[in-house]
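Undergrad: Sequence first, then the predicted structure:
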Amino acid sequence: MKVWSALKAVLLISLLTFLSCKNENEFTSSKIELTFWHSFVANTHPALKELLDQYEKENPDVKIIEQYVPSGDPLVQKLITAIQSNTTPDLAWVHTDFLDKLILADAIYKMDYFINGENGFTEKEFNDFFPQLISNAKWNDTLYAIPMEATTLALLYNKDLFKQVGLDPNKPPQTWDELKEYANKLTIDTDGDGKMNHYGFYVPALPASGALSIWMLLQWEPYLWQAGGEFLNKEQTKALFNSEAGVKALTLWKKMYDQIGFDSFSMTHDMGFIAQACAMIMDGPWDLPSLRKIKNFDWGVAPLPEGPVKRATYVAGEHLTIFKNSKHPDEAWKFIKWFTSPEIQAKFSIESGYMPVRKSTLELQSYKDYLKTDPYLAAFVEQFEIGYARQNITYYRVEINQRVAEAIESTLLGDMDPKEALDKAAEQVNEILSRVKR
C-alpha cells in the first residue's frame, strides 16, 4: 500500500507538471510577438512606450518587443547586418534617407501589398496623409514605408534675452538680415571678462563624419530653398546646391559663425538653449517634452526667417517599414494602421511633441482644443503651410549627403570659401550620380 501511495503521488505530480507546462506553452504560443526597432530620442520614448502598452491591452494576443538604437545611422547599420544574418525585426522606424539600402537588399515589403489588401486603406484614408511625408517614403515611385510621425524645423528664441538687449520679445527675426542683426545683438559679454556669456544664434557646425551630419544638412537645406535653390535637378543627373542660392545660404551661416565667434561654443543646441547660453536655435518638435519644462525664462517658437526668395522649411519625419523575414507581416501592418489612425496620432503628438501624419488629426476638436493650450506645438504645426518635402533621391543618398555636409563643415570650421566648398562637393556628387545606370 505504501508503494502504491508513493506511486500515485509521483503520478499526480507528473500530471500536474505536464498540465502546467502545457498551459504555459499554450499561453506562450498564443502570443504573437512583434519585434520593433527604433531610434526615438529619449524625450519621446515615454510617449511611445505608453502607446505600445495601450496597443497590447487592446490586442492581448500581441506582444511588441521594442529595441532602441541611439540614432538613425547606427540603426540602419544594425538592420543591414540583420539582413545578412536573416535576423531582421518585424518592423522598424527608419529615416527615409536610408530607405534605399533596405530596398536594394530586397528586405522590405512594398506597401501596396498591405494598402490594397483586405485590411488596407481606402483612397480617402490614404490621401489623408500629408503628401510631403508620402513623397519621402517612395523609391522609384513605389511606396515602401508609412509615415509614423512628422517633424519640421522652426526657430526657438529666448524672449527674456530679447528684452535684455532691447529687442521686441514678440517679434522674432523675419528676414535673413534681421537674423544676422539679432544674432549680433544677442551675443554679449555680461560680466566684462572678455568671454561671451550669451551667443545670439546656434550655427550648426557639426562633424561631417559624425552621426549628426544629417542634422546639419537638414538645417541648411531650407536656407537653400529660401534663396530659390534646389538640391539636384529633377533627372538627378546634376548637383544644383552649388548655385548662387546655395552660395548665399552657406555664406549667411559663415558670416554669422564668424561675427559671433561661435567657434568657442561647445554645448549642444538644445542644452545651450536651456542653459540660456544661446538665444536662438533651430530645432524640431521632438525636443518639446524637455523644453516645456523650462520655467526660469520665457521663450517662443517662430518660423525660420524668410530668405531672398521665399519662406520655407522642411516637412519630414520617420517611417515604418515591414521586413520580408517577418513571421507576422499582417499583424505588423495592423499595428501600423492603428498607430497612424487620426486619434492615436493626436495622442502621440500631444505626448511626444511630434506632429501628426494625417490631415484629419488637425480637424479633431480635441486636438484643436489642445493646441490652444500649447503655443509651442501649435507653432510647429503651423509650419505645414510653408513646409516642403526634401527631394527624393533614388540612389546614393547617404553618400551625397556626406559630400554636402563636408562642404558645410569645411566652410564653417576650415575657412574654405563657400563657393569653392560647394563646387568641390558638386563635382564629387556629379561623379557619384554618373555611376547610376539609367
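TA: It's in.

Undergrad: domain ranges for the protein?
TA: 32-151+316-388, 153-314+393-433 (automatic domain parsing).

Undergrad: chain center to the last one: distance?
TA: Spelled out, it's domain 153-314+393-433. Put simply, domain 153-314+393-433 sits 17 Å off its chain's centre (Cα atoms, centre = their mean, to the nearest Å).

Undergrad: residues near Arg397, how many?
TA: Using other Cβ atoms under 10 Å, Arg397 has 21 other residues around it. (Glycine included, C-beta is placed from N, CA and C.)

Undergrad: Make residue 1 into 614 and carry on from there
TA: Okay, residue one is now 614; in that scheme the one you just asked about reads as Arg1010.

Undergrad: Just give the nearest non-adjacent residue to it, would you?
TA: Residue nearest to Arg1010 in three dimensions, not counting chain neighbours: Asp710, with 5.0 Å by Cβ to Cβ, 6 or more residues apart in numbering.

Undergrad: got a list of what the one you found touches?
TA: Asp710 is in contact with 827, 1010-1011, 1014, counting by Cβ atoms under 8 Å, 6 or more residues apart in numbering.

Undergrad: And the furthest pair within these?
TA: Maximum pairwise distance among the contacts of Asp710 (Cβ to Cβ): 9.9 Å, between Ile827 and Arg1010.

Undergrad: and the domains of the chain as CSV, adding mean pLDDT?
TA: Formatted as CSV, the domains of the chain follow (pLDDT from 0 to 100):
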stretch, mean pLDDT
domain 645-764+929-1001, 95
domain 766-927+1006-1046, 96
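
Undergrad: Secondary structure of Leu647: a strand, I assume?
TA: Yes: Leu647: assigned to a strand according to DSSP: H, G, I helix; E, B strand; the rest coil.

Undergrad: any idea how far it lies from Pro760?
TA: Distance of Leu647 to Pro760, given as Cβ to Cβ, to the nearest Å: 19 Å.

Undergrad: cool, and Ser698?
TA: From Ser698 across to Pro760, the span is 28 Å (Cβ to Cβ).

Undergrad: which parts of the helix or strand hosting Ala959 are buried?
TA: Remark: Ala959 resides in helix 955-965, with elements defined by DSSP states H and E. Neighbour-count burial for helix 955-965, with 16 or more other Cβ atoms under 10 Å as criterion, is recorded at 955, 957-965.

Undergrad: Kindly export whichever strand or helix holds Asn797 (C-alpha atoms) in CSV.
TA: Assigned by DSSP H and E, Asn797 belongs to helix 789-798. What follows is helix 789-798, C-alpha atoms only, in CSV (Å, rounded to 0.1, in the frame of the first residue of the first chain):
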residue,chain,number,x,y,z
TRP,A,789,18.0,86.9,-43.1
ASP,A,790,19.2,90.4,-42.5
GLU,A,791,17.3,90.6,-39.2
LEU,A,792,18.6,87.2,-38.2
LYS,A,793,22.2,88.4,-38.6
GLU,A,794,21.4,91.7,-36.8
TYR,A,795,19.7,89.9,-33.9
ALA,A,796,22.4,87.3,-33.6
ASN,A,797,25.0,90.0,-33.3
LYS,A,798,23.0,92.0,-30.7
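
Undergrad: helix or strand right after that helix?
TA: Next along from helix 789-798, by DSSP H and E: helix 826-839.

Undergrad: what is the orientation angle of that next one with helix 789-798?
TA: Angle, helix 826-839 to helix 789-798, by axes from the mean of the first three to the mean of the last three Cα atoms, to 10 degrees: 130 degrees.

Undergrad: Hmm, Leu780 is touching Glu794, no?
TA: No: in this structure, Leu780 is not within contact of Glu794 by Cβ atoms under 8 Å, at 9.3 Å.

Undergrad: what about the strands in the stretch 664-813 of the chain?
TA: Using DSSP state E, counting those that start in this stretch, the strands of the stretch 664-813 of the chain run over 675-681, 704-708, 751-752, 755-756, 759-760, 764-765, 767-771.

Undergrad: closest one to Glu738 among these?
TA: Between Glu738 and the strands of the stretch 664-813 of the chain, the tightest spacing by Cβ to Cβ is seen for strand 759-760, at 11.3 Å.

Undergrad: Tell me how far the residue positioned nearest the centre of the chain lies from Phe727.
TA: Here the mean C-alpha position of the chain is nearest to the C-alpha of Gly930 (Cα atoms, centre = their mean), at a distance of 4.5 Å. As for Gly930, its distance to Phe727 is 19 Å (criterion: Cβ to Cβ).

Undergrad: repeat for Asp686
TA: From Asp686 to Phe727 the distance is 27 Å (Cβ to Cβ).

Undergrad: Out of the strands of the stretch 664-813 of the chain, the one nearest Gly1000 is which?
TA: Nearest of those (Cβ to Cβ): strand 764-765, 5.4 Å.

Undergrad: For the closest one, name the packing helices and strands.
TA: Secondary-structure packing of strand 764-765 (3 or more Cβ pairs under 8 Å, 6 or more residues apart in numbering; DSSP states H and E): strand 926-929.

Undergrad: in its sheet, what does the strand it packs on sit against?
TA: Strands adjacent to strand 926-929 in the sheet, as given by DSSP bridges, are strand 764-765 (antiparallel), strand 1000-1001 (parallel).

Undergrad: Report the distance from the first one to the chain centre.
TA: Looking back up the chat, that one is strand 764-765. Centroid separation for strand 764-765 versus its chain: 7 Å, with Cα atoms, centre = their mean.

Undergrad: Give me the contacts around that strand.
TA: Strand 764-765 has contacts (Cβ under 8 Å, 6+ apart) with 897-899, 926-931, 967-968, 993, 996-997, 1000.
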